[in-house]
Structures are given as C-alpha cells and as structure tokens.
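Engineer: Sharing a sequence plus its predicted fold:
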Protein chains: 2
Amino acid sequence: MSKRLVVALSGGIGGAKLALGLSLVLPPDELLVVANTGDDFEHLGLNISPDIDTLTYVLAGIDNPATGWGRRDETWSFMDSIGALGGEDWFRLGDRDLALHVERTRRLRLGQTLSEVTADICRRLGIGARVVPMSDDRVRTRVRGDAGWIDFQDYFVRQQCRPVVHELAFDGVTLARPQADITAALRSGDVRAVIVCPSNPFISVEPILAIPGMRDAIKASGAPVVAVSPIIGGQAVKGPTAKMMRELGLEASAAGVAARYGDLLDGYIVDHADADGVGNVRARVTIARTLMTSLHDRETLARVTLEAADALALLR
Amino acid sequence: MSKRLVVALSGGIGGAKLALGLSLVLPPDELLVVANTGDDFEHLGLNISPDIDTLTYVLAGIDNPATGWGRRDETWSFMDSIGALGGEDWFRLGDRDLALHVERTRRLRLGQTLSEVTADICRRLGIGARVVPMSDDRVRTRVRGDAGWIDFQDYFVRQQCRPVVHELAFDGVTLARPQADITAALRSGDVRAVIVCPSNPFISVEPILAIPGMRDAIKASGAPVVAVSPIIGGQAVKGPTAKMMRELGLEASAAGVAARYGDLLDGYIVDHADADGVGNVRARVTIARTLMTSLHDRETLARVTLEAADALALLR
C-alpha cells in the first residue's frame, strides 16, 4: 500500500495558497500543514500568530484576497479607536480578525497549547486538514539591520521591510522542540512527501528547519522533499524574499533559493520564466506554472508537486 | 473661602447622566467621580469595568444614547466572529468599545493600577473631571438567586435580571481599600458636597459604601451628603432597582431608597411624581424634575443638587 501523509512547511500567503491547493486534492487526514511561528508576537497584550492566521483564513475560505492577510468583509472600528486610547496602531488588526487573537490569547492564558488552540479553531471553522505550529515553544525571528537587532514585525510591518537585512536569528530556537504531531508523522513511515511551500526561505521556512531535530527528522522520514520556488522571473510574488537575498549577498533567483536549501531538496518546482537559470540545481527540477492566481492554479500546482514527489519516490 | 470639591458616587448610566451635568456646571478640578467597580469582571480574557466605561463614554460625549452602555457609531464585527471560534458572545462588546478593554487589559498586565489606566484614558479622551475607581483592589458583586450564588454579570446580562434576588454580597470588599484620591479628597477639609448619583443603591452605590472606611470618611469629611432618587413615580428609570427592592422585601419607592441609605443622607432630591410619599424621609427633601432626558435636564439637576447641598452647609 502506498504512503499517504503529505507534510507541507508553510509561511504566510504564498505557502497558504499551495496548502489550499493540497487540501483540495488530498483527503483531510492525509495533509499536515506545518506553520512557521517565528513571526508570532505579543501586541496590545494579544498573542498573534500571523502565519497560522493566514493559513487558517485561507483554508477556511474567509481570507482577504486583496491583502494576503486578515479576513474578507473586514471592518476597522477597533483600529480607528485604539490610537485615541494610547494603544499602538501600526499593526492593522481588523474587527473580525481580532476575535481570533482575543480567543487564542484567552485560551493560552488558561494553559492550552498553541497546537490545541489552533486545532480547535480550525475544526470550528470547518478546516479538514491539520494545521500545526512548528513548535509549541516560543521562537522569535529577529532581524539585524543597520540600527542593530529588531523584532521581526517591527522590520516587516512597522518599517515595511525597508531596513537592509544583514543577519537573521531565531530567538529561542535552540530550546524549541518540534510539535509532537510533526515528529509522529515524520516517524510513521507513512510520509508520501514533504513539501516546502513557496514561502520566504529565510523568514518562513528556515525557522521551521532550525528547530533542533526537524531537519534530521525530515531526512529520516525517507520521503521525497520537494520545494516550490517562491521566486518567479527573478522576483518574489509577494514580500521581501528577493530584496533580502540581495542584501544577504545571495543570488536573487529560483536557483539561489534551491542553493539555500542545499541537500534538503530532492525535487524543485520552478516557473517557466526561470527555466533557463536552474541548470546547476542539484535537485530534480520540474518546470511548471507556479503563479497561483485562480483556485484552479492552486489545485494544479498541488498536483504537479505531488506528482514530482511520487516520481522521485519511484526512483529510490 | 468656600469649599470647592464635589465628590459624586456613581454606577452606570443613571449616575453618569448626573455626573455629566455636574461636569458641565463645575470647573474640572472641582469634580471627583467615584465609580463602582463591583460590576467589573474578566471576560474573554479581558478586564471589563462597565461603570467606569459608561462614565468615560458619557463624560467624553461618545456614549450610545440608545443603549445606555457602549459607544455611539458602533460596529459589531468582532461579536459576529467570536462565537464561531468558540468564544462566549452573551456579553455584547462592540468593536470600538473593545479597544478600551484591550488597552486596559494590556496596561493592567504591565502592572499599572486601574486608577492609573482610567486617569490616562480619561485624559486622552479629553475628560476634564477626574474619574476614579472606588478601589484599586478587586471587589466583585455576587447575587444569590433561587439557584444559589452567581456572578453579577451572569445575573445582570446573561440572565437579564430575571432571577429573584435574595441577597447580595461584595466579594473581596473587606480587604479592599478606598482609592487614594477619594480618601485624600474626603480628608482635605475642602469638600463642598458628596453626591450620591441616581444609581441602583444595592449594586451601584452600596459596593462603594461597603469598602471599609468609606462611609466613615464621607461622614468625617463634614460635607453635606445629598442623594438623587433613582426611582421616579415608583419605577426605576432603567435597570432592576424597583424589582430588586420588592424581592428584598423593601418598599419600591423613592422613600424606600432613602430609608436604605439611612443616616448617610443629609439631603434627598426626589421627583415631583414622588412628592407625596416622602413625608417620613429623615433627610431634607428637595422636589425637582429628576428625569434627565436632555443635556439641559442633566445640567439643571446638577445645579439643583449642588444648591441643596450648599443650603445644607449653611444650616450647619
């Protein structure tokens, strides 16, 4: 009998689009989405998990397609009011979105784990696939710019990615343990594929891979590891991936991302626009349309990625 | 030189209307509004202070005149969303209103006192008069109905005051200390009047008076104490005052309220509709229009109340 479990590593909207595609082509119990929590932060006294939130909203079909974050049909009365009371208003929290942060914060304070809260909220919103945080331990991505180390959301939202990035760190990661369902899945002998979603390698995927034991567990699962390039035609679809690569002295290209992942990858999906530059990529390359505009695009790219993984499994 | 400070004891909307009237006829530094915090509770992980909130919104001119609680121009997206995530939705929190609870909760968690948070928020909203919680210590009103003791907001909001009230208790009150500004004001020798606003005696004013030392400090201030009846024509303008009086075996009347306050009162303002029933009230009675419909009504009743107090001071 063939192996069934697909483990997808994801950051925010780019990864969430592929996760949605995978959720459309796989039975619910065959998909485990691992969310980066290095972006998590405490703001206005609330526990905010931006990548879990985006995955939750996208998989529940209540995401805001215009922004790539937050909920559709959103209102902003809370945000209009908080500044006048002395609260910070640089991080935009919609009124509906706020319900998730308030409810998560309440439950975490009661002693529930982030995994438990996330699982229950996904269930309530009708999400079939499992979404798990990379760890229930606290990991915080920090960015070293010209003015020194700053918190990730300070860099990403408050300063709109303007600072030049010299270095990244994942505070707390050496003490973090992989979330239990991830370890159990990777050890099950039943993993069909590990998919690295088209997310920013530095700030979305590497925090996951930096958790002690995570990279080894992926390797030891025996499953083919297939990444989808977040770079199309030398540009990031969204976010600072290409800018960050240049600032870190790397080649801002699909091939540059593959090089960054190193020997982790068995397969790599790149867009037609980047087909000429991937001659030196060590993983087996599949050329496909990777821009996910429509729901059909998401589903098609999910199928292409799974087929690439299945083909690699046959070669073993 | 005549005494200057007016100390007003208040619950929610009834008291807040008179507090607004007082704020319109007094210079800002001559009014200290003492808010009941027995109604305070923790809900959805947030610290909610309903009477402080109502006083804040009324004095800032941003209250909702239709409901008597919450803010005007409110939206309800948070409330529409929280239920689907497993959060409780029986206590209505508007999106703008929520900003106050989130910001208060954040600051209390940082170690600020409720007094400090309240003072700063009032200042930011342009409120000249001081609004202070009756205590920075935790006091919680509890209600004994047929099914035993329940929390106040369970009685008041979730069960819409339906349970028959047999007894009230102010949990924590024996350990509570009066807020420091109240004590300082009452000891200053500069108190022109202590005004008991037209709030529910049992659940709005008595929690304040039950704080050890509060009643004695009011007496010792030497200032005339004048109450405004919350009962008009034998009915409460809003809320369960009359129902609660009947259930507690008391006469549901303006005279019944005065009897409840006992020797605390020097003066008592009652409506024309209740003029016939106050023959046995021991305090000096002033008959006036006490229904506050317009802003002019609030201001006029404030003047009548202050004049009654000043007349009592001359008699001493």
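Structural biologist: Now that the structure is in, tell me what you want to look at.
Engineer: Relative to B:Ala254, how far out is A:Phe78?
Structural biologist: Distance, A:Phe78 to B:Ala254, by CB to CB, to the nearest Å: 42 Å. (C-beta placed from N, C-alpha, C; glycine too.)
Engineer: For the residue of the stretch 151-300 of chain A found nearest chain B, grab the count of nearby residues.
Structural biologist: Chain B sits closest to A:Gln153 of the stretch 151-300 of chain A, with a gap of 16.0 Å, by CB to the nearest CB. Number of residues near A:Gln153 (other CB atoms under 10 Å in any protein chain shown) recorded here: 21.
Engineer: residue contacts, it?
Structural biologist: By CB atoms under 8 Å, 6 or more residues apart in numbering or on different chains, the contact list for A:Gln153 reads A:Asp39, A:Phe41, A:His43, A:Pro50, A:Phe91.
Engineer: repeat for A:Glu42
Structural biologist: Contacts of A:Glu42 (CB under 8 Å, 6+ apart): A:Ile48.
Engineer: Could you grab the helix/strand/coil label for it?
Structural biologist: strand (DSSP: H, G, I helix; E, B strand; the rest coil).
Engineer: distance between stretch A:109-121 and the chain's centre?
Structural biologist: Using CA atoms, centre = their mean, to the nearest Å, the mean C-alpha position of stretch A:109-121 is found 19 Å from that of the whole chain.
Engineer: Report the mean confidence score over it.
Structural biologist: Per-region confidence: stretch A:109-121 scores 97 on mean pLDDT.
Engineer: Can I get it as PDB, trimmed to CA atoms?
Structural biologist: The C-alpha coordinates for stretch A:109-121 follow below in PDB (Å, rounded to 0.1, in the frame of the first residue of the first chain):
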ATOM      1  CA  ARG A 109      -3.700  32.100  29.400                       C
ATOM      2  CA  LEU A 110      -5.900  29.200  30.500                       C
ATOM      3  CA  GLY A 111      -2.900  26.900  29.800                       C
ATOM      4  CA  GLN A 112      -3.900  25.400  26.500                       C
ATOM      5  CA  THR A 113      -1.000  24.900  24.000                       C
ATOM      6  CA  LEU A 114      -0.900  26.800  20.700                       C
ATOM      7  CA  SER A 115      -1.400  23.400  19.000                       C
ATOM      8  CA  GLU A 116      -4.600  22.700  20.900                       C
ATOM      9  CA  VAL A 117      -6.000  26.200  20.300                       C
ATOM     10  CA  THR A 118      -5.100  26.000  16.600                       C
ATOM     11  CA  ALA A 119      -6.600  22.600  16.200                       C
ATOM     12  CA  ASP A 120      -9.900  23.600  17.800                       C
ATOM     13  CA  ILE A 121     -10.300  26.800  15.900                       C
END
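Engineer: all strands of chain A, in order?
Structural biologist: Applying DSSP state E to chain A gives strands spanning A:5-10, A:31-35, A:41-43, A:46-48, A:130-133, A:140-145, A:148-151, A:167-171, A:191-196, A:225-228, A:231-232, A:235-236, A:267-271, A:284-288.
Engineer: Scan the contacts of A:Gln153 and report the most crowded one.
Structural biologist: Going by other CB under 10 Å, A:Asp39 tops these with 26 neighbours.
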